[in-house]
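Undergrad: sequence unavailable; structure follows:
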């Protein structure tokens with residue numbers, strides 16, 4: 001495939017995913033990213049981003065909402081928020097269990113306040129990283145640079161399908177993301193049938 005064609009396709013994927021990216025602000029507590037999970041205002045992010053607060057949510061179209069904290073798991077580093085909004089854009093779900101070393105992924109967030117920035121890299125492994133042996137599950141280990149502000153944003157495959165939630169830096173050129181299958185289980189455990197119903201709204 002020609003470089004110009006690849007660039008156009010990557011740009012199209014990023015622009016589509018950005019529609020489902022939100023900016024979370026806690027005032028003096030800092031800021032981070034979130035991923036719209038459900039068209040009726042369910043947002044997934046990291047626990048360390050919200051720190052048990054209910055942050056202000058800024059959508060990609062500039063609208064601002066107050067949020068409500070629905071679920072929080074410090075061990076998994078996941079949190080779910082709700083805003084009073086409807087017909088929001090969501091990201092098509094991928095399959096994090098099918099990720100293999102060498103697969104291309106894209107992490108999108110707000111690193112150092114740069115809104116909607118994208119970083120691309122390849123999967124190193126999916127499993128328990130040496131840096132976090134006590135994490136209660138697998139993590140996607142990727143050869144790309146995550147920075148403060150990426151946390152809580154979406155990680156997508158080359159087709160723009162959601163495969164993980166950006167979570168932390170593991171080295172100069174290594175980022176970690178929580179796999180989609182872990183995020184799904186978190187939502188099922190905390191929100192029950194509402195989370196299962198929400199998966200049908202992804203498009």
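TA: Alright, I've got the coordinates. Predicted model, so just to flag it, every value in this text is computed and none were measured. Numbering: from 1, shown residues only.
Undergrad: going forward, measure contacts and count neighbours with C-alpha atoms only.
TA: Will do.
Undergrad: how many residues are close by the nearest residue to residue 65 once chain neighbours are set aside?
TA: Distances taken as Cα to Cα, 6 or more residues apart in numbering put residue 57 closest to residue 65, at 5.1 Å, once the chain neighbours are dropped. Residues near residue 57, counting by other Cα atoms under 10 Å, number 25.
Undergrad: quick one: the helix or strand harbouring residue 57 to chain centroid distance?
TA: Residue 57 belongs to strand 56-58 when assigned by DSSP states H and E. Relative to the chain's own centre, strand 56-58 is displaced by 15 Å; criterion: Cα atoms, centre = their mean, to the nearest Å.
Undergrad: can you list the domains in the chain?
TA: The chain breaks down by automatic domain parsing into domains covering 3-90, 96-182.
Undergrad: what sits against the closest residue to residue 82 other than its chain neighbours?
TA: Leaving aside its sequence neighbours, residue 82 sits nearest to residue 42 (Cα to Cα, 6+ apart; 4.7 Å). Taking Cα atoms under 8 Å, 6 or more residues apart in numbering, we find residue 42 in contact with 36, 80, 81, 82, 83.
Undergrad: would you turn these into a markdown table with distance to residue 129, pLDDT and neighbour count?
TA: Formatted as a markdown table, the contacts of residue 42 follow (distance: Cα to Cα, whole Å; pLDDT from 0 to 100; neighbours: other Cα atoms under 10 Å):
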| residue | distance to residue 129 | pLDDT | neighbour count |
| --- | --- | --- | --- |
| 36 | 27 | 98 | 27 |
| 80 | 24 | 98 | 28 |
| 81 | 28 | 97 | 25 |
| 82 | 31 | 97 | 22 |
| 83 | 34 | 98 | 18 |
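Undergrad: just give me the closest of these to residue 128.
TA: Residue 128 lies nearest to residue 80 out of the contacts of residue 42, by Cα to Cα, at 23.3 Å.
Undergrad: hmm, back to that, separation between the residue nearest to residue 65 and residue 86?
TA: 14 Å (Cα to Cα, to the nearest Å).
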